[in-house]
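Undergrad: No letters, just coordinates:
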Ligand SMILES: C[S@@+](CC[C@H](N)C(=O)[O-])C[C@H]1O[C@@H](n2cnc3c(N)ncnc32)[C@H](O)[C@@H]1O
């Protein structure tokens, strides 16, 4: 087992398994294999008649996930389900998966620990590497091209919209002046130069380059568009009573998940299982800081004859026998989240329809 494999901890894994309601012989799709953390847990429960399908557009991730699942097959022997791995963007699921064939669909958005940890992938402002940020390394556009070629105003808009960064105009100007920028370290220092030091009273609590890197990553990988397309395709792919589980890591992702899940709930396509998103408990966030910003939302397709337009979104308390919800007593003995545990209310999206100022 490599170092990366050993370090990998899938987020909210118990909640994922409970919400997916994985049963022997089922067919489950993991749209974001990563290092196959969640996928391995699902595979253990599917049994020999089950089928695990996995997507990842990052060829390296797909290879590592394949190795992990192969090791699991050796451990499980005849109890291993059939596995199909697909190296494509999850926006294309409907081209690969038969309608109404899935018992469960999981998506754990964002970047994997492998992508962040490997400096040469260019995702991290904490290590120096080429400005790349592509998950699908076969695609042409890299972060370096965006940073060095985009018009200043468009760059400011991008950083404002996708990074929710109020200093976007100042950062865009500093970037344009410093061109050419070729490394993550160089970009990180330029952005940090536009903000007060983290140690000063006016300094941010997060690294000043966090939001700009997030904005570039979202743009390079068309992340929000991908999520929208996946979630819109999901109802066609799930069987009656099939489950959807999605985990988001920032407000732009979560807003899409929340809206699409609620919208299909209103249309009587599925029952929303999470009135409020499920978040990690302190014990998990202590172990795995990435879990701090994770929000899980889930839905269950309605049985035939029960679906229909014009219904209010239905919220189902599925109780301890099968699973948990954001407001039910949990079967693991966990209490329903207290007010303190609830995620903070989402801020209204900045910049909608409003252009950031480019000059002071
Ligand atoms: C947060 S990681 C998933 C970790 C995984 N759940 C695990 O337990 O190991 C996200 C993964 O999804 C992949 N990914 C993100 N967006 C994608 C997309 N639109 N299509 C296909 N794969 C995507 C990334 O390459 C990355 O490997």
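TA: Done, it's in. Bear in mind the structure is a predicted one, so any value in this text is a computation, not a measurement. Residues are numbered from 1 along each chain as shown.
Undergrad: for the closest residue to the ligand within the stretch 251-360 of the chain, what are its contacts?
TA: Relative to the ligand, the nearest point of the stretch 251-360 of the chain is residue 290 (8.3 Å; Cβ to the nearest ligand atom). No exception for glycine: its C-beta is placed from N, CA and C like everyone else's. By Cβ atoms under 8 Å, 6 or more residues apart in numbering, the contact list for residue 290 reads 11, 113, 249.
Undergrad: So which of these belong to helices?
TA: residue 113 (DSSP state H).
Undergrad: can you tell if the lengthiest strand in the chain touches the ligand?
TA: Across the chain, the longest stretch assigned as strand under DSSP state E is strand 238-248. No: using Cβ under 6 Å from any ligand atom, strand 238-248 never reaches the ligand; the gap is at least 7.8 Å.
Undergrad: Now do whichever strand or helix holds residue 39 against strand 238-248: the angle between them, please.
TA: Secondary structure from DSSP states H and E places residue 39 in helix 37-46. Computed by axes from the mean of the first three to the mean of the last three Cα atoms, to 10 degrees, the angle separating helix 37-46 from strand 238-248 equals 150 degrees.
Undergrad: Distance from helix 37-46 to the middle of the chain?
TA: Centroid separation for helix 37-46 versus its chain: 18 Å, with Cα atoms, centre = their mean, to the nearest Å.
Undergrad: From residue 11, how far off is the residue of the stretch 251-360 of the chain closest to the ligand?
TA: For residue 290, the distance to residue 11 equals 6 Å [Cβ to Cβ, to the nearest Å].
Undergrad: right, and the helix or strand after the strand or helix carrying residue 146?
TA: Element membership of residue 146 [criterion: DSSP H and E] is helix 143-149. Following helix 143-149 in sequence order, the next helix or strand is helix 152-163 (DSSP H and E).
Undergrad: ok so, going back, out of the contacts of residue 290, who's the most crowded?
TA: Using other Cβ atoms under 10 Å as the neighbour criterion, residue 11 leads the contacts of residue 290 with 22 neighbours.
Undergrad: circling back to that earlier point, did I read that right, the residue of the stretch 251-360 of the chain closest to the ligand in a strand?
TA: No: under DSSP: H, G, I helix; E, B strand; the rest coil, residue 290 sits outside any strand and is assigned helix.
Undergrad: And the helices in the stretch 51-200 of the chain, which stretches?
TA: 59-76, 93-96, 113-117, 143-149, 152-163, 168-178, 184-192 (DSSP state H, counting those that start in this stretch).
Undergrad: Grab the most central residue of this structure for me.
TA: For the chain, the residue sitting closest to the mean C-alpha position, by Cα atoms, centre = their mean, is residue 109 at 1.3 Å.
Undergrad: And that residue, how far from residue 97?
TA: For residue 109 relative to residue 97 (Cβ to Cβ), the value is 18 Å.
Undergrad: got it, and residue 209?
TA: The value you get for residue 209 to residue 97, if Cβ to Cβ is used, is 38 Å.
Undergrad: quick one, which of those two is more surrounded?
TA: Per other Cβ under 10 Å, whichever of residue 209 and residue 97 has more neighbours is residue 209, with 25 against 22.
Undergrad: if I read this right, the more buried one contacts residue 193, doesn't it?
TA: No: using Cβ atoms under 8 Å, residue 209 makes no contact with residue 193, being 10.1 Å away.
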